[in-house]
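>>> All I have is the shape, not the residue letters:
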């Protein structure tokens, strides 16, 4: 199991953003923060240079860096990019997500086990 993977739609959107950026971008950094009524929210920023200590996943030609404190919460997650008539944005299909708030701004996450994390890092 990978720490995180991307759908082709997510990878394509990241490549578009990187190409359109007026600053150098080498990938995206994904994390979680305490927020909202369900407890946590996903974060994503664009990376010019990798942060030492981040986990690194290269998938579909895109670099994804994962904040160390988020790795256990994101293990096995698939990042997608979805467009509807009203919205567009990145979404996360996360096997560690146990719930979400009604407004969709936050999620409840449980940590994956350390054995699964060790196996994912070994296969990277």
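It's in. It should be emphasised that the depicted structure is a prediction, and the values quoted were computed from it without experimental measurement.
>>> On the three-state scheme, the residue positioned nearest the centre of the chain is what?
In the chain, the C-alpha nearest the mean C-alpha coordinate belongs to residue 30, at 4.2 Å (CA atoms, centre = their mean). Look at residue 30: counting by DSSP: H, G, I helix; E, B strand; the rest coil, its state is strand.
>>> Enumerate the positions of the top helix by length along the chain that are buried.
Counting residues, the longest helix found in the chain (DSSP state H) is helix 8-20. Residues of helix 8-20 classed as buried: 9, 10, 11, 13, 14, 18 (neighbour count, 16 or more other CB atoms under 10 Å). Placement of C-beta: from N, CA and C, glycine included.
>>> pLDDT value on the residue in the chain sticking out farthest from the centre, please?
Centroid-distance maximum for the chain: residue 85 at 23.6 Å, with CA atoms, centre = their mean. We note a pLDDT of 84 for residue 85 in this prediction.
>>> about what we covered before: pLDDT and distance to residue 50 added to the buried residues of helix 8-20, as JSON lines?
Converted to JSON lines, those look like this (pLDDT from 0 to 100; distance: CB to CB, whole Å):
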{"residue": "9", "pLDDT": "97", "distance to residue 50": "24"}
{"residue": "10", "pLDDT": "96", "distance to residue 50": "19"}
{"residue": "11", "pLDDT": "96", "distance to residue 50": "18"}
{"residue": "13", "pLDDT": "94", "distance to residue 50": "20"}
{"residue": "14", "pLDDT": "93", "distance to residue 50": "15"}
{"residue": "18", "pLDDT": "89", "distance to residue 50": "14"}
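>>> Put together a markdown table for the residues you listed, with distance to residue 25 on each row.
Below are the buried residues of helix 8-20 laid out as a markdown table (distance: CB to CB, whole Å):
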| residue | distance to residue 25 |
| --- | --- |
| 9 | 18 |
| 10 | 15 |
| 11 | 14 |
| 13 | 13 |
| 14 | 9 |
| 18 | 4 |
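>>> Considering these, which is situated nearest to residue 41?
When the buried residues of helix 8-20 are ranked by distance to residue 41 (CB to CB), residue 10 comes first, at 17.8 Å.
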